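*Asks:* Next input, structure requested:
(2 chains)
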Amino acid sequence: MTSISRKAILKDSILLLAAALPLFFFGARFSAEYNFDYMYFQDINYFSSNDVKMKLFSEMDFASFYIEGEGKFYTGVPRYYISYPPLDSALMNNLSTSIQLMNVLQVNQVYLSLYHSGFNLKIGKFPVKWGISEIYSPADIFRSESPFDLFYIDEGINCIQLSYSHDNISTAFLYKDSHDELLTKQGITFDYVNRYFTASLYGAHYYDFEYFYSVLLMGKDTTENIMLGINASTDNWGPGMWAELDCRFNITGYTGDEYEISDVRYYPYLTLGADYTFYDRFYVYSEYIRSFKGSTDIDDFDQLNRLFNDAFLIGRDYLFLSAAFNRNEKISSEILTMFNINDFSNFTSVKATFAPRLYLSTSLSITFGKGARHTDFFTIPPIYGFNLKYMFN
Amino acid sequence: MKKYILFSMILLAVTGIQALTVDEIISKVDNNMVSRNMVYKADMTITDGGDIRDMSMDIFFKDEDNALIEVIESSTGHTNRVLKKDGQMFLYIPSAGVSIKIKGHMIKEGFMGSDFSYEDISENRKISELYDTELIESDSMYIIVMKAKVNEAPYKMKKSYIKKDIFLPMKEEIYSSSERLLKVFEILDYKKINEKYIPTDMTMRDMLKENSITEIKYTDVKIKDRLDDKYFQKSYFER
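*Replies:* Residues are numbered from 1 along each chain as shown, chains lettered A, B, ... in the order given. Below is the predicted model of the structure:
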């Protein structure tokens, strides 16, 4: 985070806080959460972190204000070593083999929300989630989290959202702000609800930096993108079921008002999912994702594409599975696995949680990847995690 | 003779009133338990083992398919909202900034970790639409055994103890399909509003857990002619 953006965010936060000050005369609620994490990378490295998150929330019928700040401080050597697969490309010689995790002190969210006659205007920094998947959605162009990211801090985005609802239909326009005009994003959604199903239609326009490479050369280009998608979900027959079809149109060679039709590349995705709870104790979530332009024969350039362009789905067919036993009970366990159906590689996380008190919980986790030389997910040594969480108000 | 006929007619009239059919009893219970355009504040206390949690809520009931529950204060700091819109249920978590559809079997999970499920807290359909009923009568109570006749029924089987003078289910035993006792619901207090007896203090006890009980007290209960549609709109729900 640059010093310029820190100042901008601080200034925006102060302005919003000043605008929301009257709300606090009508009561504000405070809560906080402390997390201690210990990470052990088998035979490589270990470190720990102390994380404090604080939230302040005030609400009236026509307005609400929310602010969340977080401080995360590491002890030990907080270096996350990246187990790259043995790629042949000469470009690999220049890649960093580890990520240095830095202490963080930031405002995750701060927003003011105003409601009147069906219209809701939300302005500030807040999380936005697009797409129907709860694990990873190709349609979610606003959220930068990758399921691989073990150290992701859930930070909102600077944006303005204007939504309107009437009867069964809602529509929302979203504008993601940035100091660089080329990093702004605009999106619009239409949602429909009835007794039998819910459905959404959405579209977005945004620019993106895209890295391209050959055997020896790597460059960067600005591309213009349009994304269109539709999804629907129902639980009319018992289990929850959903489907989503979205497509990203990537326009290259854009110069002002002109571009060649042949330059337009498109990337369609299909998501099919279902979930159910058996005997009130065993919850299963499953999702199939097809990336129509994905590769069934992963090569080095596909891996570089994932590294540099945040293109998580480089393969073609995926199965995401999540299962939780005794969810919401004092002792619970869950497993999450992302599985490439074409090459059988996977990335898996297993966690057991014990919550002796409502405000206190502890968990143990293990995360690992299994793959081979040219597979989607590659083998990474197990990462063991211990977490202690305490919530107070 | 005339006195005898008169006496017989009176006796017939009285016994005719007392000998209600199960459908008539259920209808009177539905009249009390199922309401439209209701607004009330609720205080919920959840006891789970040694832990006690409190929360205050604003509840808006339009009809059987539309309801809004807003947690305005909670001892855990969570102030989530639940919207039932045309029968579909959504959960909004302010810190996440998004609303999640409560789909499939999730509606049977505990609302905010309580012993009342999302379905219990938002259910407003008539018993007659969901269950086949059988009447067993005692001195002070109508005891009705209910068995689910549609898949959407919240529970497979219930046994309801209905107070004869006010037609409220003072106690309900909730069973699984294998007739295992799952939960016990009780009404501790009630209030008469507009010729309806409305429960104002209720408990739900989870019989599968030790010392797990949730109490809800309704305050400031109002029955209105009409509720503003804004309470059941997505933009208001996600404000």
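*Asks:* three-state assignment of whichever residue of chain B sits closest to chain A?
*Replies:* Taking CB to the nearest CB, chain A has its nearest neighbour within chain B at B:G77, 2.6 Å off. No exception for glycine: its C-beta is placed from N, CA and C like everyone else's. Recorded secondary structure, B:G77: coil (DSSP: H, G, I helix; E, B strand; the rest coil).
*Asks:* A:A28 is in contact with that one, correct?
*Replies:* No. The criterion here is CB atoms under 8 Å, and B:G77 misses it with A:A28 at 11.7 Å.
*Asks:* okay, these two: which has more neighbours?
*Replies:* For B:G77 versus A:A28, neighbours defined as other CB atoms under 10 Å in any protein chain shown are more numerous around B:G77 (18 against 14).
*Asks:* residues in contact with the residue of chain B closest to chain A?
*Replies:* B:G77 makes contacts with A:R29, A:F30, A:S31, A:A32, A:K55, A:M391, A:N393, as judged by CB atoms under 8 Å, 6 or more residues apart in numbering or on different chains.
*Asks:* Could I have the ChimeraX command that selects the buried members from those?
*Replies:* This is how ChimeraX selects the buried members of the contacts of B:G77, with burial counted by 16 or more other CB atoms under 10 Å in any protein chain shown:
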select /A:29,31,55,391
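*Asks:* As CSV, the contacts of B:G77 with distance to chain B and pLDDT would be great.
*Replies:* Below are these laid out as CSV (distance: CB to the nearest CB, whole Å; pLDDT from 0 to 100):
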residue, distance to chain B, pLDDT
A:R29, 7, 81
A:F30, 7, 84
A:S31, 3, 86
A:A32, 8, 90
A:K55, 6, 89
A:M391, 6, 86
A:N393, 4, 65
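*Asks:* Let's have the contacts of B:G77 in CSV, adding secondary structure.
*Replies:* Converted to CSV, those look like this (three-state DSSP):
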residue, secondary structure
A:R29, strand
A:F30, strand
A:S31, strand
A:A32, strand
A:K55, strand
A:M391, strand
A:N393, coil
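*Asks:* Pick out the most distant pair among the contacts of B:G77.
*Replies:* In these, two members sit farther apart than any others by CB to CB. They are A:R29 and A:M391, at 13.4 Å.
*Asks:* and the stretch 51-200 of chain A, which residues reach chain B?
*Replies:* Neighbours of chain B within the stretch 51-200 of chain A, by CB under 8 Å from any CB of the partner chain: A:55, A:57, A:59, A:63-64, A:66, A:68, A:109, A:113-115, A:117-120, A:122, A:126-129, A:134, A:156, A:163-168, A:170, A:172, A:191, A:193-195, A:198.
*Asks:* Go through those and flag which are in strands.
*Replies:* The subset of those located in strands under the criterion DSSP state E comprises A:55, A:57, A:59, A:63-64, A:66, A:68, A:109, A:113-115, A:119-120, A:122, A:126, A:163-166, A:170, A:172, A:191, A:193, A:198.
*Asks:* Now list the buried members of those residues.
*Replies:* Listed as buried from those are A:55, A:57, A:59, A:63-64, A:66, A:68, A:109, A:113, A:115, A:120, A:122, A:126, A:163-165, A:170, A:172, A:191, A:193, A:198; burial here means 16+ other CB under 10 Å.
*Asks:* elements contacting the helix or strand harbouring B:T203?
*Replies:* Element membership of B:T203, judged by DSSP states H and E, is strand B:196-206. The elements that strand B:196-206 packs onto, with contact taken as 3 or more CB pairs under 8 Å, 6 or more residues apart in numbering or on different chains; DSSP states H and E, are helix B:22-33, strand B:181-193, strand B:212-223.
*Asks:* looking at the ones you listed, which has the lowest confidence?
*Replies:* Considering these one by one, the lowest average pLDDT is found for helix B:22-33, at a mean of 88.
*Asks:* contact partners of that helix?
*Replies:* Residues from elsewhere that reach helix B:22-33 (CB under 8 Å, 6+ apart): B:20, B:126-128, B:133-135, B:142, B:144, B:160, B:162, B:166-169, B:196-199.
*Asks:* What angle do strand B:181-193 and it make with each other?
*Replies:* Comparing the axes of helix B:22-33 and strand B:181-193 via axes from the mean of the first three to the mean of the last three CA atoms, to 10 degrees yields an angle of 70 degrees.
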